[in-house]
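Asker: Okay, predicted coordinates and the sequence, questions at the end:
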Protein chains: 2
Amino acid sequence: MGAAKFLRGLVHRIDPRELAVVVNTGDDEHFYGLHVSPDIDTVIYTLAGVINREHGWGLEGESFNALDALGRLYGKPWFNLGDRDLATHLYRTERLHSGARLTEVTAELAARFAVKSRILPMSDDRVHTFVKLKGRPAIAFQEYFVRGRARGAVEAIELRGAQKARPTREVLDSISRAAAIIIAPSNPFVSIGPILALTGMRPALKAVRSRVAAISPIVGGKTIKGPADKMMRGLGHEVSPLGIARLYRDVAGLMVIDIIDHRYLEPIRALGLNAIATDTVMTTPDHAARLADVVTRALEV
Amino acid sequence: MGAAKFLRGLVHRIDPRELAVVVNTGDDEHFYGLHVSPDIDTVIYTLAGVINREHGWGLEGESFNALDALGRLYGKPWFNLGDRDLATHLYRTERLHSGARLTEVTAELAARFAVKSRILPMSDDRVHTFVKLKGRPAIAFQEYFVRGRARGAVEAIELRGAQKARPTREVLDSISRAAAIIIAPSNPFVSIGPILALTGMRPALKAVRSRVAAISPIVGGKTIKGPADKMMRGLGHEVSPLGIARLYRDVAGLMVIDIIDHRYLEPIRALGLNAIATDTVMTTPDHAARLADVVTRALEV
């Protein structure tokens, strides 16, 4: 998750209390009757400093005894839920059942994990990301990504419910008030895509476009991690920062690309965006912090 | 739980496949949004040979990492739920939400634990046992028993919902077909009481009364474990096998009491029940097996 790496650097450069993170919920899924929000949890656990860095998901030092037992009741599990992680899902599920909004529940969880930034689900409405592989029926994102290990040629992404879903007022407020908005180097179709697909989201960003920067997840023709490059190709896009810029040109005023891709600066500018090239590969939190620094400065924050 | 100890012996004396266990669900409670059926689980775990014998509840070799994490979200827990035990509650809760009857779910769980006997919740309707302590409002059974450690003077037991609740057809069928029915040496008010309080249960047992035996949980003026003796006293009953016999005289044809209490044989017979005295203290599974033997023989099974 490029966003998590970037956030880890960003909170070294800005006061975490001034940060609001708008998080994709199209990946949310129900397992064993529990509402699991993988992206929200990754952001909370990352900012709380308790994430398992090796995996990029879940809690560090986690045990999986409940999952073992669930496997005996349900059959072999394909989605990992740690024992302590389960508490998060139980809490979320119970609060949602009792009528709380996902936004409220997420704020409660973030507070319990002592996260100082605001963690905002993109919407309280349900959006469900489906992936259509060649010659097969569409499957839910987690089935594609975790169960299927992101294999297979992606033909289409379906963002079910997105047209009826709206960003929360908390999300719209933070966008209109933000000194800077950064689109993290995440998958443009399944991580950023669901957010942009919400009714009213693109207009909200367009209104503040000069304060919006996007960091390209494509570096040297591929992604650092994850299937974004394969998806771009499969969906008929150019696998380059220019391809990314085309996806974001209406909502972002600045494109941040890797130094290795500097030849794309001019073509991107020709699309009507500002563009800068810098080191975007976040090998360490320090790299991430420097990238955050460059981006915020370029936005003249 | 006297019933669990007795069951452990009973299945050494009879074919487990011929045993149906009717279980109290008045203790059922919701924790963290999960439907927990403590008595059902104790019976399943006992017959599966996986119960923690030291505690008398939960699974042996259990971890409590999820509960630790839940404590951080909800505050200090007072009801213990182990990590593997959580799987049982998750399964039950999800199946109930999807419309299954508790009877079906329990059969599924028992099958997954390779339990050969039929485990029958007393009812698919909700009965909720409340305990009224002197000078305090009534509290749910688990709050009294686990949170309050069964302390305080019990003034009344409220079996909320019992009058509207009915035994399942599975329970009524096994009662009418059984060669023998044994009321285990359990708490007559909060373990057996909710079962007998169901609409139609006492008539169903009366119809087969000569095949019903009850084992006294009171031995030498007190219970081996648990608050039944204190409750009897608080509720104005004589704390003796005779007091027990008075509670069951309409539904049981045979009263089984401890040898130490042999002086109660005649007074019990005077109530119109058969009575035998034997060693009822189940220190080992072997004691329990011998007790099962004596009871089934006395019923001429």
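Answerer: Perfect, thanks for sending it.
Asker: what's the host helix or strand of A:Ile175 in contact with?
Answerer: In the assignment (DSSP states H and E), A:Ile175 maps to helix A:169-177. The set of residues external to helix A:169-177 that reach it, using C-beta atoms under 8 Å, 6 or more residues apart in numbering or on different chains, is A:20, A:22, A:103, A:118, A:120, A:122-123, A:167, A:181, A:200-201, A:204-205, A:207-208. Where C-beta positions appear, they are placed from N, C-alpha and C, glycine not excepted.
Asker: Need the phi and psi values for A:Arg118.
Answerer: Note on A:Arg118: its backbone torsions stand at phi -90, psi 130 [degrees, to the nearest 10].
Asker: pLDDT value on it, please?
Answerer: pLDDT, A:Arg118: 98.
Asker: ok, A:Asp250 - contacts?
Answerer: By C-beta under 8 Å, 6+ apart, A:Asp250 lies in contact with A:202, A:206, A:209.
Asker: What's the local residue count around the last one?
Answerer: This means A:Arg209. Other residues within reach of A:Arg209 by the criterion other C-beta atoms under 10 Å in any protein chain shown amount to 17.
Asker: how near is the nearest residue to A:Leu102 once chain neighbours are set aside to A:Ala110?
Answerer: Nearest non-adjacent residue to A:Leu102, counting by C-beta to C-beta, 6 or more residues apart in numbering or on different chains: A:Pro121, 4.7 Å away. According to C-beta to C-beta, to the nearest Å, A:Pro121 stands 11 Å off from A:Ala110.
Asker: now swap in A:Ile183 and tell me
Answerer: 21 Å.
Asker: Looking at the two, which one has more neighbours?
Answerer: Neighbours were counted for A:Ile183 and for A:Ala110 using other C-beta under 10 Å; A:Ile183 has more, 27 against 21.
Asker: Test my guess that that one contacts A:Gly193.
Answerer: No. Judged on C-beta atoms under 8 Å, A:Ile183 makes no contact with A:Gly193 at a distance of 11.0 Å.
Asker: Ramachandran angles for A:His55?
Answerer: Taking degrees, to the nearest 10 as the convention, A:His55 sits at phi -80, psi -30.
Asker: Could you do the one 10 residues further on as well?
Answerer: Comment: the main-chain dihedrals of A:Asn65 come out as phi -70, psi -40, following degrees, to the nearest 10.
Asker: For burial, what's the neighbour tally of the closest residue to it other than its chain neighbours?
Answerer: Among residues not flanking A:Asn65 along the chain, B:Asp83 sits closest, at 3.8 Å (C-beta to C-beta, 6+ apart). Neighbourhood size, B:Asp83 [other C-beta under 10 Å]: 25.
Asker: now do the one 10 residues further on
Answerer: Other residues near B:Thr93 number 22, with proximity taken as other C-beta under 10 Å.
Asker: swap in A:Glu62?
Answerer: A:Glu62 sits with 20 neighbouring residues when counted by other C-beta under 10 Å.
Asker: related to what we said a few turns ago, and the gap between the residue nearest to A:Leu102 and B:Arg112?
Answerer: In this view, A:Pro121 and B:Arg112 are 35 Å apart by C-beta to C-beta.
Asker: same check, this time on A:Arg84
Answerer: A:Arg84 is 24 Å from B:Arg112, by C-beta to C-beta.
Asker: Same drill for these two, tell me which one is more crowded.
Answerer: Using other C-beta under 10 Å as the criterion, A:Arg84 and B:Arg112 rank with A:Arg84 on top: 23 against 17.
Asker: contacting residues around the residue nearest to A:Thr25 when sequence neighbours are not counted?
Answerer: Take A:Thr25 and drop its neighbours on the chain: the residue closest to it by C-beta to C-beta, 6+ apart is A:Pro121, 4.9 Å away. Listed by C-beta under 8 Å, 6+ apart, the contact set of A:Pro121 reads A:23, A:25, A:37, A:40, A:102-103, A:106, A:168.
Asker: from those residues, which ones fall inside strands?
Answerer: Counting by DSSP state E, these place A:Val23 in strands.
Asker: May I see the contacts of A:Pro121 organised as TSV, with neighbour count added?
Answerer: Formatted as TSV, those follow (neighbours: other C-beta atoms under 10 Å in any protein chain shown):
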residue	neighbour count
A:Val23	24
A:Thr25	24
A:Ser37	23
A:Ile40	26
A:Leu102	24
A:Thr103	19
A:Thr106	27
A:Thr168	20
